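need coordinates for the following:
(2 chains, ligands or ions: 5)
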Amino acid sequence: MADAVVLCTCCGAMEEIFDMAAIEERLKGGGSAPVPMCVVPRLCSREGARLAADRMRQLPPGGLVIGACAFSARGDAVMGMLAEEGVRDIPVHWADLREGCAFVHPGDAKGATMKAADILAMGLADLGRADGGAPVLRTPPHRRVLILGGGPAGLAAARAALQRGVDVTLVEKRPAIGGMLPMLRKLFPDMGSSSDMLARLDLPAGVDLRTATAVSELRPALGGFTVTLKGVKGDGKPEELSVGAVILAMGGQPVLPKGRLRYGELAGIASQMELETRLAKAERNPDDAASLPRKAVFVQCVAAREDDRPYCSAVCCPAALKNGMRLLECVPDAEVTVLHRNVCMPGRELESFYRLARERGVRMRPMDPEVPLEILEEDGKVSGVRMQDASSGETVTLPCDGLACSTPVAPAPDAAKLAAMLGVRLDDMGFVCGEEPARPLETPVRGVFCCGSVRWPCTVAQAVEEGAAAGLLAATHVAEPSATPSWRPLNVAHATATILDRDCSGCGRCLAACPHGACVPDRGSGPRRTVAVLADRCEGCGGCAAVCPTGAARIAFRPVAGVVEGLRRVLEVA
Amino acid sequence: MTGKAAGLPVLVAGGGVAGMQAALHLADAGVPVVLAEREGFLGGQVFRLDKVYPTDHCAFCPVWPKARACRSHPLIRLRLKARLETVEEDGEGTVAVLRVAPDAVDADRCVFCGRCMAACPRGAVVGRPDDIPHDPSTAPRAIVLDDLCDGCGACAAACPASAIEKSALGRREPSFERIPVRTVVHATGFREPVPHPAPEFGAGTHPDILTAMAFEKLTAEFAKGDGPLRCPSDGRPAKSVAFVQCAGARDMRHIPHCSAVCCMHASKHARWLKRRDPSLDVAIYHTDLRTPGKGQEAYMRAARAEGVRFFHARPGLVAPLDQQRAKGVLLRHEAAEKVASTVVDLVVLNGGLACNPSTVDGATPGNGTDSGRPGISRACGFCREPADIARSVIQAGAVVAALLQELADCVPGDAMEASRG
Ligand SMILES: Cc1cc2nc3c(=O)[nH]c(=O)nc-3n(C[C@H](O)[C@H](O)[C@H](O)COP(=O)(O)OP(=O)(O)OC[C@H]3O[C@@H](n4cnc5c(N)ncnc54)[C@H](O)[C@@H]3O)c2cc1C
Ligand code: SF4
Ligand code: SF4
Ligand code: SF4
Ligand code: SF4
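Ligands and ions are numbered 1, 2, ... in the order given. Modelled structure (predicted):
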């Protein structure tokens, strides 16, 4: 094979720093056959690409090293134009001589020239070692999106994905869709009714809805995932589906204030969620208002923002203010005092909701988390709270006949199990992680998305936004790729791992190491247990190769030998 | 809408993270997009950040892949230095009017060789806008001609890539481009209001009283290296820094809303300052500390553990000391129901971020996701509701999902059908 070098002068900018003749000289090395070299003034122009292609045609077939700008600057354009000019499907190594060399050594022409020649020589060595460069064939994903959870997030996701023309299956473990919505009745920040919201989110025709259904198995497979569904009670015949993407929307559940503030011990102490339900009853039937407290104290951040649960749950401040206003509406002469560490009402809409609550008479009092509250009782019922006001430092007693604890939302109970089946990471709190901050709904496992309170506690409006966005992302993921994968240089191309069956001992370390869920137990029929790599999920990070004790796992296209050979040549010449 | 409208593009106004994401979602669904950005580069305010919370990665990461995807997407037409001026409804449909600043440099041809800079006798050719604190080897560069240019043409003659259009040199007047569109998505982001809305915080009275974005620039690692943090006034190393939260925000006289990003923004700065110099005294004066987002409370707790001091007090006055007698800035705030005064070297004013109005008449897009009128007023990102990077990206998806639904409802069998295959 006769490999060649195309060197771009970048309109002369490179020549100002490099001595082109010296580069050519040095590439000849120890007297071996000269490497054909073609210098073009501007490879990213039509004329430049044509010049290079004409020259390549005169040479015997071989690989090509392109010395030019950083690939991210103009590389795609150059590769595209070369292909159009008839140079394609040969091994190419892209050598960054501009940003990576000329630009960083402006005052050292001689050194920069030597370095450029070395970079090119290493590229040539890499070409020699390239193992064919056959592109990895990616199986097109199944055109079906699986959504787990039928709360606001899941419903919005289903609508958005279906709109994009892909098939949608929504699995809800309860008998009906809606998630937390039916329990809420009135929603902040506009006090809109939750049944109106649910009606707006109702599933359009065409979604394959499975209620009272559970996921018993979910595993990565070529083209996406294979999921096994069955009835929640273990009833019904298990059914297997192939899907191209999965959206995790299992929501969350409010923590119960067990063992806190004498909850469960004294009458009149409830969780904010329980108060929510009683308010809903009273709103439907005014006679029930008699059982609501007249002097209510709400305590914020119960079982939240402490060492065991070091997070702010985002919805409990607005929920408390909402319920304070509802209570004042049901019982106009009631008093509501909210004991808080901070009032967490960020943004425009929530901040004005906060102002509204204060105008309506909800009282706020800061407390010091270091000073425990003392719950006062009378005949087995709560009668007051003694607390230290954090701004004045005074100790005050607030008489009350009802106390509500605002507790945080924790991830859905199945989140951990499902995430483990998919190889998706959870954060310390057990919520599903996207790639924060720029791709918050995309997990590192390709084809797995997350939205709503299984990702992080959020308002209904936010859950709907996240669901819709995740639906679009999943639909794009499973829709037919529009452009065929372009021809790319070896050292830029997407590399994937391969596992040599012969050397794999089946220890399974790579299964645990792969952050993208691409290493899976090989379900082939062979006698030994080995591991397979799902090419369409592998990101080429090399995690498997790093932990593999036998060297069976390796990254295709980037044999270390090529790098070593390159270094050897460069060091030999020097 | 007529059949003609179906093939028209959607205009996305603003090329920050929200606008770029909206453009990508639309284009991925087969809808052509014109992405108009007022500045000469994509990325918006995120590009001016050095690091981003809660990952502490440099801000380049969220921006660059999206900018590249926008640049190379066949259905996205990029218009830089183009600001949305008005949106008109004529009898035929919706027309977006862009005000395009004269730009003699063709960014697609320019190879950034810099010869035009050397050739210009008036120093009118400058590199990337210099308010961007990034490492020049990674940030995409841009050649800009400023107002000093008198059109002599020396740069065009020196340019080896024929990237400078001689006839456009020295032109001052913008051109106006009228684009028939299906609708407009607003993603114009935020700005720090000038003058600062709360004069009692002393913004503009002394170089050591800075706004959050100015402080970002001062501390950006690429801009300043590893040396000590120096006071802009006289270059002496700073020993103490105070962050004043909600400065100008959550205040009925100024900006009533909460900017939603500055509690975390301050913690981020505070932690980086402590990392750089643990002996620095770093204090955050806040009203409510709002950290409801993913990983935010944990980030704040880490700041506390690393020695950042938090005070639940909103200073009423920030003023420079009489510089003849003592250096520093005075901070007057409440402490245990008494007034306390503290002197620090640097004060950073956080909060009071305003939505960027998207059109000349100053109309803010407001809550766009469920606005009724098809054709106008959909918004995502900070200009809709104060939002950080993650929220802005999410909103972009939500707005596009709603928009696709609406477009499909009013034009059956349009371009989106094609994308469904
Ligand atoms: C006390 C309280 C008051 C609130 N008040 C308001 C308010 O006024 N306004 C507001 O905007 N927000 C409010 N919220 C927040 C609101 O509840 C959430 O924003 C919303 O429920 C999130 O929607 P979701 O779809 O993510 O989760 P969810 O509503 O929890 O829905 C998740 C669904 O997934 C299902 N599921 C779980 N696991 C599986 C599985 N393995 N397979 C299949 N399905 C599964 C569940 O059964 C459920 O139906 C409040 C929260 C609390 C705690
Ligand atoms: S291909 Fe790269 S190095 Fe060559 S002219 Fe274009 S920008 Fe410059
Ligand atoms: S939202 Fe409010 S009550 Fe809930 S954890 Fe955050 S600060 Fe505490
Ligand atoms: S730009 Fe580079 S250094 Fe910065 S976060 Fe991304 S990968 Fe890390
Ligand atoms: S001379 Fe031309 S190619 Fe070089 S930087 Fe200036 S505009 Fe770009």
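
who's in contact with the residue nearest the centre of chain B?
Residue closest to the average C-alpha location in chain B (Cα atoms, centre = their mean): B:Gln45, at 2.0 Å. Contact analysis of B:Gln45 by Cβ atoms under 8 Å, 6 or more residues apart in numbering or on different chains lists B:16, B:189-190, B:213, B:382. In this view, the C-beta of every residue, glycine as well, is placed from N, C-alpha and C.

ok so it is a strand residue?
No. With DSSP: H, G, I helix; E, B strand; the rest coil as the criterion, B:Gln45 is helix rather than part of a strand.

ok and the residue in chain B nearest ligand 1?
Ranked by Cβ to the nearest ligand atom, the top residue of chain B for proximity to ligand 1 is B:Pro292, at 11.9 Å.

does that residue sit in a helix, a strand or a coil?
Reduced to three states with three-state DSSP, the structure at B:Pro292 is coil.

what does B:Arg71 give?
Of the three states, B:Arg71 takes helix under three-state DSSP.

quick one: neighbours of A:Ala553, just the number.
When neighbours are defined as other Cβ atoms under 10 Å in any protein chain shown, A:Ala553 has 26 of them.

residues contacting it?
For A:Ala553, the contacting residues are A:497-500, A:504, A:510, A:519, A:531, A:533, A:544-545, A:547, by Cβ under 8 Å, 6+ apart.

quickly find the element holding the residue of the stretch 151-300 of chain B found nearest ligand 2.
The minimum distance from the stretch 151-300 of chain B to ligand 2, using Cβ to the nearest ligand atom, falls at B:Ala161 (7.2 Å). Element membership of B:Ala161, judged by DSSP states H and E, is empty: it is in no helix or strand.

touching, it and B:Arg109? I think so.
Yes. The criterion here is Cβ atoms under 8 Å, and B:Ala161 meets it with B:Arg109 at 5.0 Å.

quick one, which of these two is more surrounded?
For B:Ala161 and B:Arg109, the more surrounded residue by other Cβ under 10 Å is B:Ala161, and the numbers stand at 23 against 16.

and the more buried one, how far from A:Cys10?
Note on B:Ala161: its distance to A:Cys10, by Cβ to Cβ, to the nearest Å, is 9 Å.

same question, B:Pro174
Between B:Pro174 and A:Cys10 the distance, using Cβ to Cβ, works out to 32 Å.

so between the two, which is more surrounded?
Set B:Pro174 next to A:Cys10 and count neighbours by other Cβ under 10 Å: A:Cys10 wins out with 29 against 16.

can you count the residues close to residue 103?
Picked chain A for this. Burial of A:Phe103 is recorded as 21 neighbouring residues (other Cβ under 10 Å).

right idea, wrong chain: chain B
Quick note: B:Asp103 (other Cβ under 10 Å) scores 20 neighbours.

isn't it right up against B:Ala168?
Yes. Counting by Cβ under 8 Å, B:Ala168 is a contact partner of B:Asp103 at 7.2 Å.

list the contacts of residue 337.
Let's take chain A. A:296-298, A:363-365, A:398, A:400.

the chain in question should be chain B.
Counting by Cβ under 8 Å, 6+ apart, B:Glu337 touches A:391-393.

next one: B:Leu280
B:229, B:238-241, B:273-274.

close to ligand 4, is the helix or strand hosting B:Arg391?
In this assignment (DSSP H and E), B:Arg391 forms part of helix B:389-410. No. Using Cβ under 6 Å from any ligand atom, helix B:389-410 never reaches ligand 4; the gap is at least 12.9 Å.

export only the CA atoms of that helix, formatted as CSV.
Listed next in CSV are the C-alpha coordinates belonging to helix B:389-410 (Å, rounded to 0.1, in the frame of the first residue of the first chain):
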residue,chain,number,x,y,z
ILE,B,389,-29.4,25.7,31.3
ALA,B,390,-31.3,22.5,32.0
ARG,B,391,-34.6,24.2,32.3
SER,B,392,-34.1,26.2,29.1
VAL,B,393,-33.2,23.1,27.1
ILE,B,394,-36.3,21.3,28.5
GLN,B,395,-38.6,24.3,27.7
ALA,B,396,-37.3,24.3,24.1
GLY,B,397,-38.6,20.8,23.7
ALA,B,398,-41.9,21.5,25.3
VAL,B,399,-42.5,24.6,23.1
VAL,B,400,-41.6,22.7,19.9
ALA,B,401,-43.8,19.7,20.9
ALA,B,402,-46.8,22.1,21.3
LEU,B,403,-45.9,23.8,18.1
LEU,B,404,-45.6,20.6,16.0
GLN,B,405,-49.0,19.6,17.3
GLU,B,406,-50.5,22.9,16.3
LEU,B,407,-48.9,23.0,12.9
ALA,B,408,-50.1,19.4,12.2
ASP,B,409,-53.6,20.4,13.3
CYS,B,410,-53.8,23.3,10.9
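
mind listing what's buried along it?
Along helix B:389-410, the positions that meet the burial threshold by neighbour count (16 or more other Cβ atoms under 10 Å in any protein chain shown) are B:389-405, B:407-408.

that helix and chain A, are they touching?
Yes. Remark: helix B:389-410 sits within contact range of chain A at B:389-391, B:393-398, B:400-402, B:404-405, B:408, by Cβ under 8 Å from any Cβ of the partner chain.

show the pLDDT at A:Phe71.
The predicted structure scores A:Phe71 at 86 on the pLDDT scale.

remind me which residues of the chain are low pLDDT?
Because you didn't say which chain, this covers chain A. Under the criterion pLDDT under 70, the flagged ranges of chain A are A:1, A:29-33, A:129-139, A:480-486, A:493-494, A:523-528, A:556-562, A:573-574.

my question was about chain B
Across chain B, residues meeting the criterion (pLDDT under 70) sit at B:1-5, B:127-142, B:221-226, B:336, B:357-377, B:410-421.

was I right to think the residue of chain B closest to ligand 1 contacts A:Pro318?
No. Under the criterion of Cβ under 8 Å, B:Pro292 is not in contact with A:Pro318, lying 9.7 Å apart.

mind listing the shared neighbours of these two?
Among the neighbours of B:Pro292, those also in contact with A:Pro318 (Cβ under 8 Å, 6+ apart) are A:Cys344.

which one of these two has more residues nearby?
For B:Pro292 against A:Pro318, the residue with the higher neighbour count under other Cβ under 10 Å is B:Pro292, and the figures read 27 against 23.

what does the stretch 251-400 of chain A have sitting close to chain B?
Contact residues of the stretch 251-400 of chain A with respect to chain B, defined by Cβ under 8 Å from any Cβ, are listed as A:305, A:310-314, A:342-352, A:355, A:366, A:390-393.
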